[in-house]
Each structure stands twice: as C-alpha cells, then as structure tokens.
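A.B. asks: need a structure here:
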Amino acid sequence: MEDILIGNGIRVNGRDYEIVGATGGDVYSAGGPSVFDVFDTVPYTYLVIDRGGIDGNTILDTYQADGIFKMRTGMIRGQNSENVEQGSTLHVRPTEEFLSTVPANREHYRLTLVETDFSDFGGSS
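C.D. replies: Numbers count the residues shown, from 1 in each chain. The predicted model follows:
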C-alpha cells in the first residue's frame with residue numbers, strides 16, 4: 001500500500017501536514033457515485049520530502065491536485081483532565097501522478113495527517 005507516501009507532506013488550507021498513514025479507499029462500485037461526487041474538494045499540494053541529506057531537509061518536488069480534506073477535533077477525557085485531540089485526513093484520487101501502482105478497483109486513498117511545519121525546508125536545486 002503506497003508506503004512511499006509516509007513521511008511526505010501535504011499543504012492544504014494554508015497549513016502543512018505530514019502523512020503518517022495511507023489506506024486504500026473503498027472498492028469501486030460500477031455506476032455508483034464516488035466519494036468525490038458526494039463531498040466538496042479543496043486544492044492541495046503534495047510535497048515530496050527528503051530529510052537529513054547533505055543539503056538538510058528539502059522539498060524535492062511538488063504536485064497540485066484536488067482532494068477531500070477533513071479535520072476532526074474532539075475532547076478526550078482522562079482521569080484528571082480533558083485534552084483536545086485533532087485528526088486530519090485527505091482523500092486523494094488513485095489517478096494522481098505522485099501515486100505509483102494502484103489496483104484497478106480503488107476509488108480513493110485515505111491519507112492520515114499530522115500537523116507540522118515545512119516552512120524551513122529548502123527547495124531542491
């Protein structure tokens with residue numbers, strides 16, 4: 001499952017996120033609506049990241065696309081406190097050029113994201 005995606009980045013709605021998980025979307029059902037027909041899409045930038053090289057952390061390449069971004073926020077109650085927990089996902093089309101091998105029956109990929117900051121990462125030369 002597209003392990004190459006893990007550790008790369010997404011820039012959406014003015015924020016940076018690191019991809020920490022990638023799962024295959026529901027199996028395509030011929031004739032039915034896809035997730036992209038049902039939900040609104042937003043533009044995002046896929047960032048190919050290289051960490052710790054001679055030049056330091058760099059963004060090697062970028063790809064522009066549209067996907068379905070979801071941010072969930074909730075309260076988690078502990079013994080003595082309540083903590084805010086946030087989770088973000090991005091649904092991407094299996095036809096995006098940054099994906100390598102996609103089974104024919106995939107409708108989408110669901111990327112699990114953690115907020116981060118790539119602003120100090122240099123661009124490739």
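A.B. asks: how close does the residue nearest to the spatial centre of the chain sit to residue 17?
C.D. replies: For the chain, the residue sitting closest to the mean C-alpha position, by CA atoms, centre = their mean, is residue 111 at 4.2 Å. Residue 111 sits at a distance of 8 Å from residue 17 (criterion: CB to CB, to the nearest Å). Glycine gets a C-beta too; all of them are placed from N, C-alpha and C.
A.B. asks: Apart from its neighbours in sequence, what residue is nearest residue 24?
C.D. replies: In space, and not counting its chain neighbours, residue 24 is closest to residue 106: 5.6 Å by CB to CB, 6 or more residues apart in numbering.
A.B. asks: I'd say that neighbour and residue 22 touch.
C.D. replies: No - assessed by CB atoms under 8 Å, residue 106 is found out of contact with residue 22, at 11.5 Å.
A.B. asks: Dump stretch 41-58 to PDB, restricted to CA.
C.D. replies: Taking Å, rounded to 0.1, in the frame of the first residue of the first chain, the C-alpha atoms of stretch 41-58 are listed here in PDB:
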ATOM      1  CA  THR A  41     -13.000  19.100  -2.900                       C
ATOM      2  CA  VAL A  42     -10.200  21.500  -2.000                       C
ATOM      3  CA  PRO A  43      -6.900  22.200  -3.700                       C
ATOM      4  CA  TYR A  44      -3.800  20.800  -2.000                       C
ATOM      5  CA  THR A  45      -0.100  20.500  -2.700                       C
ATOM      6  CA  TYR A  46       1.600  17.100  -2.300                       C
ATOM      7  CA  LEU A  47       5.200  17.600  -1.100                       C
ATOM      8  CA  VAL A  48       8.000  15.100  -1.800                       C
ATOM      9  CA  ILE A  49      10.200  15.400   1.300                       C
ATOM     10  CA  ASP A  50      13.900  14.400   1.700                       C
ATOM     11  CA  ARG A  51      15.100  14.600   5.300                       C
ATOM     12  CA  GLY A  52      18.700  14.800   6.600                       C
ATOM     13  CA  GLY A  53      20.600  14.800   3.400                       C
ATOM     14  CA  ILE A  54      23.800  16.800   2.800                       C
ATOM     15  CA  ASP A  55      21.700  19.800   2.000                       C
ATOM     16  CA  GLY A  56      19.500  19.300   5.100                       C
ATOM     17  CA  ASN A  57      15.700  18.900   4.900                       C
ATOM     18  CA  THR A  58      14.500  19.700   1.400                       C
END
